[in-house]
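*Asks:* build the 3D model from these lines:
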Amino acid sequence: MPKSLLSIILLFLLSPPVYSQVSKDRLVFDWALANSSKEKMQDFIVLPSGQQVFGTVVRNYNYADFEELVFSKDGVVSTYLPQQIQGFGLDNGQIFLSKPLPGNSEPVFLQILVSGPIQLGEYKGGYFLDNGKEYMKLEAYYGEVEKNGPLYKKYIRPFRGTLKQFLVGDCGVALFTDIDRAPYNDQALINLMKSYFDCAQVRYQVHIEKVPMILISPLAGIGLSQHILVKPIKENARDDQFNSPFGFTGFVGVRAHDARRVPRLSTDLRVVFSVFQTELLSSFGGTQAIRTGSEDISETSISIPFALNYSLLKRVNSEIYLGGFLGLWRPSIKQSNGKVDERIVARNEVYLYETPIMLYQGTNFYSGGRLGGSKVFKDNLKLFAELEVAVQPEYYKFSLLQNDAFYNRSRMAFHLGIEF
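*Replies:* Sure thing, here's the model as predicted:
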């Protein structure tokens with residue numbers, strides 16, 4: 001971040017507000033001048049002396065809630081509590097002040113969403129307004145309300161009254177209808193503040209404009225899969241197996257991730273192309289006849305899985321996640337060289353039949369889970385690896401001359417991919 005911009009931001013945020021209209025305009029940032037700088041934006045901290053130190057803030061999965069600050073400068077890593085610094089900023093424009101919450105004496109790292117004559121802050125999902133004279137939390141919660149005797153739960157929104165208390169004058173009155181409809185989230189509150197400041201013709205700054213609500217990234221990858229037959233009902237006389245259980249997959253898709261409000265959650269939608277070629281080996285050992293058979297199977301498929309993932313560990317440049325998915329499955333199966341050898345035990349006679357063994361009866365849907373990890377390695381390209389398990393119930397029916405066996409199919413796959 002340009003040093004001139006950083007100095008202006010911190011001086012503005014740490015200065016006591018003055019409330020005449022002329023003074024408001026004099027205290028806000030000169031954004032036109034600051035934006036003309038060509039310097040690269042950087043993370044920084046502000047020491048108790050007011051000195052700015054530029055370096056790197058070591059961030060965890062949540063870019064807004066900092067209990068403590070880990071800061072790296074020239075290879076030296078230091079940890080700061082809110083009592084030890086005045087504040088800090090990130091290279092994406094986010095600003096945090098060391099400031100107590102209303103009714104408390106211990107400071108926390110309060111994120112400043114909007115700075116101006118009225119300051120809008122956020123800490124752990126709660127929102128706060130400060131105009132220099134009053135400093136209050138915007139409240140919203142479920143509470144018990146009595147109606148004609150019995151109690152019932154109701155979502156109570158006292159924050160709307162607090163907003164009307166802070167947004168004074170004709171510009172505030174003009175927003176009363178919008179305030180009465182506003183949900184309790186950062187974007188709704190930011191929009192109200194922007195509308196109020198625009199109407200009042202005062203200067204202000206939104207500090208999370210460069211932090212998107214959600215990121216959308218394309219991805220592509222390949223994988224190796226193993227197909228496993230699982231018999232729901234065990235039959236000792238029957239045995240079916242694949243000579244080679246391995247197949248190959250390739251996929252493309254998009255991933256929605258790093259949502260501002262729920263950064264640990266992500267979703268992805270993929271189109272997967274799979275190839276599986278093998279030889280089916282089947283046998284049945286009865287008291288009157290023994291049958292063995294084989295058949296070549298070639299399966300190609302297109303599937304569309306939708307996944308919901310949760311980050312167990314998330315850093316700026318790495319992530320470990322766990323996910324589940326549901327998918328639509330469309331296979332194309334070719335069978336050839338199906339033959340069954342039947343030996344009649346009593347007469348010791350052998351018969352050879354040319355007949356298909358596999359009868360596909362799979363469903364159009366499947367489900368599964370995955371465990372994966374990713375690492376940013378160059379120019380925001382992310383390399384990821386996944387271990388995936390999917391289940392396809394009652395996928396196969398194998399018939400050896402009317403001796404039928406039904407199987408579920410499990411697929412284990414290892415994926416390597418790139419997210420752009």
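*Asks:* only C-alpha atoms from now on, for both contacts and neighbour counts.
*Replies:* OK.
*Asks:* where's the most centrally placed residue in the chain, which helix or strand?
*Replies:* Taking Cα atoms, centre = their mean, the centroid of the chain lies closest to Ser266, which sits 2.0 Å from it. Secondary structure from DSSP states H and E places Ser266 in strand 265-285.
*Asks:* test my guess that Leu215 contacts Val254.
*Replies:* No - judged on Cα atoms under 8 Å, Leu215 makes no contact with Val254 at a distance of 10.2 Å.
*Asks:* and the two? which has more neighbours close in?
*Replies:* Neighbours around Leu215 and Val254, counted as other Cα atoms under 10 Å, are more numerous at Val254. The numbers are 17 against 13.
*Asks:* tell me the contacts of the more buried one?
*Replies:* Contacts for Val254 (Cα atoms under 8 Å, 6 or more residues apart in numbering) come out as Ile216, Ser217, Pro218, Leu219, Asp268, Leu269, Arg270.
*Asks:* the residue nearest to the last one when sequence neighbours are not counted: neighbour count?
*Replies:* The shortest distance from Arg270 to any residue that is not its chain neighbour, by Cα to Cα, 6 or more residues apart in numbering, is 4.1 Å, and that residue is Gly253. Other residues near Gly253 number 18, with proximity taken as other Cα under 10 Å.
*Asks:* tell me which residues form a beta bridge with Gly253?
*Replies:* When bridges are called by DSSP bridges, Gly253 pairs up with Leu219, Arg270.
*Asks:* who's in contact with it?
*Replies:* Pro218, Leu219, Ala220, Asp268, Leu269, Arg270, Val271.
*Asks:* what is the burial count for the fourth one?
*Replies:* Using other Cα under 10 Å, the number of residues around Asp268 comes to 20.
*Asks:* same question, the second one
*Replies:* Neighbours of Leu219 under the rule other Cα under 10 Å: 21.
*Asks:* how close does it get to Thr287?
*Replies:* As judged by Cα to Cα, to the nearest Å, Leu219 and Thr287 stand 55 Å apart.
*Asks:* convert stretch 310-325 to CSV, retaining C-alpha atoms only.
*Replies:* Backbone C-alpha positions of stretch 310-325 (Å, rounded to 0.1, in the frame of the first residue of the first chain) are rendered in CSV as follows:
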residue,chain,number,x,y,z
TYR,A,310,-15.3,-27.3,4.4
SER,A,311,-11.7,-26.2,5.1
LEU,A,312,-10.2,-28.0,8.1
LEU,A,313,-7.1,-25.8,7.8
LYS,A,314,-6.9,-22.7,5.6
ARG,A,315,-4.0,-20.4,5.1
VAL,A,316,-3.4,-17.7,2.5
ASN,A,317,-1.3,-20.1,0.4
SER,A,318,-2.5,-23.5,1.4
GLU,A,319,-5.6,-25.4,2.5
ILE,A,320,-6.8,-28.8,3.7
TYR,A,321,-10.5,-29.5,3.1
LEU,A,322,-13.2,-32.2,3.5
GLY,A,323,-16.2,-32.4,1.2
GLY,A,324,-19.2,-34.3,0.1
PHE,A,325,-20.9,-34.4,-3.3
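*Asks:* tell me which residues are up against it.
*Replies:* Residues outside stretch 310-325 that contact it (Cα under 8 Å, 6+ apart): 59-61, 264-266, 305-309, 367-376.
*Asks:* what does stretch 139-151 give?
*Replies:* Gly126, Tyr127, Tyr152, Lys153, Lys154, Tyr155, Ile156, Arg157, Pro158, Phe159, Tyr184.
*Asks:* go on, stretch 180-188?
*Replies:* Residues contacting stretch 180-188 (Cα under 8 Å, 6+ apart): Tyr127, Ala140, Arg160, Leu189.
*Asks:* who wins for neighbours among those?
*Replies:* Top of the contacts of stretch 180-188 by neighbour count (other Cα under 10 Å): Tyr127, with 23 neighbours.
*Asks:* helices of the stretch 101-250 of the chain, residue ranges please.
*Replies:* Along the stretch 101-250 of the chain, the stretches classed as helices by DSSP state H, counting those that start in this stretch are 159-166, 169-173, 176-181, 186-200.
*Asks:* which of those sits closest to Gly338?
*Replies:* Minimum separation from Gly338 across those (Cα to Cα) falls at helix 186-200, 63.2 Å.
*Asks:* what's the angle between that closest one and helix 159-166?
*Replies:* 20 degrees (axes from the mean of the first three to the mean of the last three Cα atoms, to 10 degrees).
*Asks:* tell me the mean pLDDT for helix 186-200?
*Replies:* Averaging pLDDT along helix 186-200 gives 92.
*Asks:* which parts of that helix are buried?
*Replies:* Asp186, Leu189, Ile190, Leu192, Met193, Lys194, Ser195, Tyr196, Phe197 (16 or more other Cα atoms under 10 Å).
*Asks:* residues near Ala413, how many?
*Replies:* Close neighbours of Ala413, defined as other Cα under 10 Å, add up to 21.
*Asks:* let's have the contacts of Gly253 in JSON lines, adding pLDDT and distance to Val173.
*Replies:* Listed next are the contacts of Gly253 as JSON lines, based on pLDDT from 0 to 100; distance: Cα to Cα, whole Å:
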{"residue": "Pro218", "pLDDT": "95", "distance to Val173": "45"}
{"residue": "Leu219", "pLDDT": "95", "distance to Val173": "48"}
{"residue": "Ala220", "pLDDT": "96", "distance to Val173": "52"}
{"residue": "Asp268", "pLDDT": "95", "distance to Val173": "43"}
{"residue": "Leu269", "pLDDT": "96", "distance to Val173": "45"}
{"residue": "Arg270", "pLDDT": "96", "distance to Val173": "48"}
{"residue": "Val271", "pLDDT": "97", "distance to Val173": "51"}
